[in-house]
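Peer 1: Return a 3D structure for these sequence lines:
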Amino acid sequence: MISGYVFNGMNNDALEVFRWLLQEKIRPNAVTMASVLPACADLAALKMGKELHGNIIKNGLADRCHVGSAVIDMYAKCGRLDLAHHVFGRLSERYSVCWNSMISSCSQNGKPEEAIDLFRRMGKTGSKYDCVSISAAFSACTDLPAPHYGKEIHGFMIKGSLCSDLFAESALIDMYAKCGNLGFAQRVFDMMEEKNEVSWNSIIAAYGNHGRLKDCLAMFHEMLKNKIQPDHVTFLAIISACGHAGKVNDGIHYFQSMTEEYGIPARMEHFACLVDLFGRAGRLNEAFKTIQIMPFSPDTSVWGTLLGACRNHGNVELAEVASRHLFDLDPQNSGYYVLLSNLLADAGHRRSVLKVRSLMKERGVQKVPGYSWIEVNNTTHMFVAADGSHPQSKHIYSLLTTLLLELKREGYVPQLYLRMHPQDIVS
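Peer 2: You can find the predicted model right below:
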C-alpha cells in the first residue's frame, strides 16, 4: 500500500498508512522503511526523514543496501547532500544501487564534478555499471558541460554490454545535444537497433533545444509513422521548441492536440511552457489568463516564467502580481527579488526598489552569485560577474571592451542591471 501510494504521487497517504502501522504496533522492516522514505523525499520532509533514519539505525537496518540507498536519496532530495555523503561513507557494503543513488544525487544537486568522480570510483571498486549509472554520469557531463568525459563513457559503453541499452543510448543522445554536438546525437539515434518513446523524445528535444523547430517537428511526424505513441514528454519538448522559435499558434495547436486528440492531461510543466510561449512573444495578458485557468495551483516555475517575461517586456503591473506569489512560495530565492528590482529600476520606480531591498534585508535573503563556465582544452574555467580571479583577467576584459565597442557600432544598447550585491542588502 505504501509503495503504491508513493508510486502514484500520493505521498501524504503513504505516510498516513505508515503511521497507522505504528499505531497498530506492527514493527516496520527494511522493505517498509525503503518504501516510506521516498515519500519524505518527495515532500522534502527532512525532519520526518531524520526520525525514520534514527529508527533504521536503532533497529539495525542501516547496512541493508536498498535502505541505505533510500536514505541517501531522501537526504539529497531534501537538500542535504552532506548527510547523503555521510550515510554513503558509512555503508559497509556498496552495491550498484547505492553508487547509483549517490551519483544521481550529486548530479541532480549541482555537483557534476563529484558525480563524475564517484562514477570513476565505482568502476575501480568493481561494482557493475548499469543504465542508471551511465544516465546519471551523462547528466553530470551535460551540467559541466564536458563532452570529453561523455566521449570516454560512450567508449566504455561500446566496449561493454550497454551499447544496446535503450535508456543509456537515449541519455547519450541527450548528452551530445546539450554539449552542442547535434550531429553526434543524430548519429547515435540513427545507429540504434531499437527505438522507443524515450529515444524519440531525446532526439525531438535535442532539435527543439537547438532552435531547429522544423527538424523537431519532422522527427515527431517520423515517430508517428513508426507507430510510436507520443507521451507528455514529447509534447513538452515540442511546445518548448515552438516557444523558442516564436511560433505561438503552432505551440497552441500542439497543446490542444495533446489534450484533445491524444487524451494526455496537461501537467504543471505544460502550462509553464504555455506561459513561456506567450511570454516570449510579449503576449503577457494571455500568459496571465493561462495561469488563471489552470486546474491546479501554479507553482514557482509558472510564476517565475511570467516574472521573467515581464522583465523582458517591461510589464511592472503583472510582475508585481507574479512576485507576490513567488515571495510567498519561495521567500529565500534571491533571483525573484533581483528580477523585480531590475524591472522597477528600469521603470524609474526608485521607492519600490528600496521596498524590495528592505524586504530582502528583513527576510535575510542573500543574493547568490550566478556562475558561467567555459571549457578550453579539457579545462573548465568558471566566472562570476566582475570576476578578477582568473590569471588571464586583463586579456579577457580587454577583449570584452573591444567586443562591446563593436556591438555599440552595430546599434546595440546595453540593458543596465541594478547592482544588488550581498553587502548592499545586509548593510
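
Peer 1: Every contact and neighbour count from this point should use C-alpha atoms.
Peer 2: Noted.

Peer 1: Could you check the helix or strand harbouring N55 and say which residues are buried?
Peer 2: Here N55 sits within helix 46-58, counting by DSSP states H and E. Neighbour-count burial for helix 46-58, with 16 or more other C-alpha atoms under 10 Å as criterion, is recorded at L46, G49, K50, L52, H53, I56.

Peer 1: And the furthest pair within those?
Peer 2: L46 and I56 (15.0 Å; C-alpha to C-alpha).

Peer 1: Correct me if wrong, but G126 is in a strand.
Peer 2: No. G126: not assigned to a strand; according to DSSP: H, G, I helix; E, B strand; the rest coil it is coil.

Peer 1: And it, how close does it get to M1?
Peer 2: 36 Å (C-alpha to C-alpha, to the nearest Å).

Peer 1: Now whichever strand or helix holds E406: average pLDDT?
Peer 2: When elements are assigned from DSSP H and E, E406 belongs to helix 393-409. For helix 393-409, mean pLDDT is 90.

Peer 1: I figured V302 hits R267, correct?
Peer 2: No. Judged on C-alpha atoms under 8 Å, V302 makes no contact with R267 at a distance of 11.3 Å.

Peer 1: More neighbours: the two, which one.
Peer 2: V302 (25 against 13; other C-alpha atoms under 10 Å).

Peer 1: would you put the C-alpha positions of stretch 246-257 in PDB?
Peer 2: Only the C-alpha atoms of stretch 246-257 are listed here, as PDB (Å, rounded to 0.1, in the frame of the first residue of the first chain):
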ATOM      1  CA  GLY A 246       8.300  32.300 -31.700                       C
ATOM      2  CA  LYS A 247       5.600  30.100 -33.200                       C
ATOM      3  CA  VAL A 248       2.800  30.800 -30.800                       C
ATOM      4  CA  ASN A 249       0.000  29.300 -32.900                       C
ATOM      5  CA  ASP A 250       1.900  26.100 -33.500                       C
ATOM      6  CA  GLY A 251       2.500  25.800 -29.800                       C
ATOM      7  CA  ILE A 252      -1.200  26.200 -29.000                       C
ATOM      8  CA  HIS A 253      -2.100  23.700 -31.700                       C
ATOM      9  CA  TYR A 254       0.200  21.000 -30.200                       C
ATOM     10  CA  PHE A 255      -1.000  21.800 -26.700                       C
ATOM     11  CA  GLN A 256      -4.600  21.200 -27.800                       C
ATOM     12  CA  SER A 257      -3.600  18.200 -29.900                       C
END
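
Peer 1: mean confidence score for it?
Peer 2: Across stretch 246-257, the average pLDDT comes to 96.

Peer 1: try stretch 165-175
Peer 2: Mean per-residue pLDDT for stretch 165-175: 88.

Peer 1: Contacts for it next, please.
Peer 2: Residues from elsewhere that reach stretch 165-175, judged by C-alpha atoms under 8 Å, 6 or more residues apart in numbering: 131-132, 134-135, 138-139, 141-142, 147, 150, 154, 162-163, 184-186, 188-189, 192, 194-196, 198-199, 202-203, 206.

Peer 1: and the helix holding N55, what does it pack onto?
Peer 2: Packed against helix 46-58 by the contact rule (3 or more C-alpha pairs under 8 Å, 6 or more residues apart in numbering; DSSP states H and E) you find helix 30-43, helix 65-77.

Peer 1: Tell me what angle it forms with helix 30-43.
Peer 2: Our comparison of helix 46-58 with helix 30-43, counting by axes from the mean of the first three to the mean of the last three C-alpha atoms, to 10 degrees, yields an angle of 160 degrees.
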